[in-house]
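Visitor: Predicted model and sequence below, questions to follow.
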Amino acid sequence: MPTLATIAVFIPTMFFISITPGMCMTLAMTLGLKVGLRRTLWMMLGEVFGVALVAVLSVMGAATIMLNYPTLFMWFKWIGGLYLMYLGCKMFWASRRVSFGSDDSLVISRGALISQGFVTAIANPKGWAFMLSILPPFIDASREITFQLLVLVGIIMLSEFICLLIYATGGKGLKTLLNKGNNIRWMNGISGALLIGVGLWLALS
């Protein structure tokens with residue numbers, strides 16, 4: 001188990017990192033805007049477990065393998081980015097077809113939402129950089145590493161979920177605001193453009 005002092009420092013550090021705008025938080029806001037908070041929870045599930053995997057692999061040194069095979073990591077980022085851009089284009093073009101007064105929401109399956117969150121989390125270079133630089137110093141080599149890692153990863157998952165919830169709620173609020181003016185086309189267009197931006201961000205980062 002990590003010491004109470006370590007936990008007291010790690011919690012605000014991790015929350016500050018999580019709340020910083022990034023690909024995952026932008027994705028949460030975008031989906032909160034488009035599909036609502038309830039369905040966005042499925043994306044959050046994939047993202048939280050993706051971040052947990054990145055944290056564990058960072059401590060285990062598996063990230064070194066990815067650094068030794070940068071081409072593999074690059075292809076993975078491009079595939080994930082292109083998939084998000086594809087969904088963004090579908091949302092954007094839906095904005096041209098939908099009529100005012102109706103909500104022609106893009107139907108995204110639970111599996112697709114989970115995979116979006118998971119892929120975005122594990123293909124995010126920022127996430128790897130933070131975990132590789134910040135997490136290891138909080139691990140005490142003189143103590144049992146397994147329990148320390150479980151506690152720290154649990155804190156990471158909770159912090160990520162809370163921050164995703166904050167961003168997704170903001171997206172839901174924006175959706176409500178747009179609906180008041182019967183601007184479903186604007187909502188679809190904004191959602192699509194944001195998702196395309198996240199996809200480009202992921203692919204080119």
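Guide: Arrived safely.

Visitor: tell me the strands in this structure, going along the chain?
Guide: Ranges of strands in the chain, per DSSP state E: none exist.

Visitor: which residues in it form helices?
Guide: 4-19, 23-34, 37-60, 63-68, 70-97, 110-122, 125-134, 145-180, 184-204 (DSSP state H).

Visitor: Return the most buried member of the ones you listed.
Guide: For these, the largest average neighbour count (mean count of other Cβ atoms under 10 Å) is found in helix 23-34, namely a mean of 26. Quick note: C-beta positions are derived from backbone N, CA and C, even for glycine.

Visitor: by contact count, what packs against that helix?
Guide: The elements that helix 23-34 packs onto, with contact taken as 3 or more Cβ pairs under 8 Å, 6 or more residues apart in numbering; DSSP states H and E, are helix 37-60, helix 110-122, helix 145-180, helix 184-204.

Visitor: okay, the helices of the chain in CSV with mean pLDDT next?
Guide: Formatted as CSV, these follow (pLDDT from 0 to 100):
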stretch, mean pLDDT
helix 4-19, 82
helix 23-34, 83
helix 37-60, 89
helix 63-68, 60
helix 70-97, 68
helix 110-122, 89
helix 125-134, 74
helix 145-180, 81
helix 184-204, 67
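
Visitor: follow-up on the earlier one: wait, which of the helices and strands packed on helix 23-34 is closest to Thr71?
Guide: When the helices and strands packed on helix 23-34 are ranked by proximity to Thr71, the top entry is helix 184-204, at 14.3 Å, counting by Cβ to Cβ.

Visitor: returning to what we had before: nearest to Pro2, out of the helices and strands packed on helix 23-34?
Guide: When these are compared by Cβ to Cβ, helix 145-180 sits nearest Pro2, at 4.9 Å.

Visitor: picking that back up, out of the helices and strands packed on helix 23-34, the one nearest Ala5 is which?
Guide: helix 145-180 (13.2 Å).

Visitor: relative to helix 37-60, how tilted is the closest one?
Guide: If you take axes from the mean of the first three to the mean of the last three Cα atoms, to 10 degrees, helix 145-180 sits at 150 degrees to helix 37-60.
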